[in-house]
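Peer 1: need a structure here:
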Amino acid sequence: MDTGTIATAAIMARILVARIEDTSRLVSVLERVPVRSSEEKWNCVLWVEEELAMASADGKALGKSRKTEWTTVRDAAMKYIGEKEAAHRYNGKAPKGSYDPMKVATFDLLTGIETIP
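Peer 2: Below is the predicted model:
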């Protein structure tokens, strides 16, 4: 499934954590994860954590090549976003031409390589 790389105000970065084996199955798994907006301490980070756990536990939606252990994913994402912030990716102060502002910064956790600066 192509999620596109066009930047929006709501997305800071993409972290590739797995290959999708069965798109319709993955969608079905993810649709079963409830949004708990009425719970005081609930947030989108907890939602992503639960979605990753459910997709990984499913065993068929994701390919064998995956990194879905939450601490690994969270730490890699926070490190990557921190690097992008330090490089002024989000505040308009980055050197001209250092990245394409129309594309979302993307890090492939499977290979350890940034695919879109």
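
Peer 1: now the strands for the protein?
Peer 2: For the chain, applying DSSP state E gives strands covering 13-16, 18-20, 62-66, 105-108, 113-116.

Peer 1: and these as JSON lines, adding mean neighbour count and distance to Leu46?
Peer 2: C-beta coordinates here come from the backbone N, C-alpha and C atoms, glycine included. Formatted as JSON lines, those follow (neighbours: other Cβ atoms under 10 Å; distance: least, Cβ to Cβ, whole Å):
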{"stretch": "strand 13-16", "mean neighbour count": "18", "distance to Leu46": "17"}
{"stretch": "strand 18-20", "mean neighbour count": "15", "distance to Leu46": "19"}
{"stretch": "strand 62-66", "mean neighbour count": "14", "distance to Leu46": "20"}
{"stretch": "strand 105-108", "mean neighbour count": "20", "distance to Leu46": "21"}
{"stretch": "strand 113-116", "mean neighbour count": "13", "distance to Leu46": "26"}
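
Peer 1: among these, which is nearest Tyr99?
Peer 2: Closest of these to Tyr99 is strand 105-108, at 7.0 Å (criterion: Cβ to Cβ).

Peer 1: re the thing from before, could you dump the strands of the chain to TSV with mean pLDDT?
Peer 2: As requested, the strands of the chain are exported to TSV (pLDDT from 0 to 100):
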stretch	mean pLDDT
strand 13-16	96
strand 18-20	96
strand 62-66	95
strand 105-108	97
strand 113-116	97
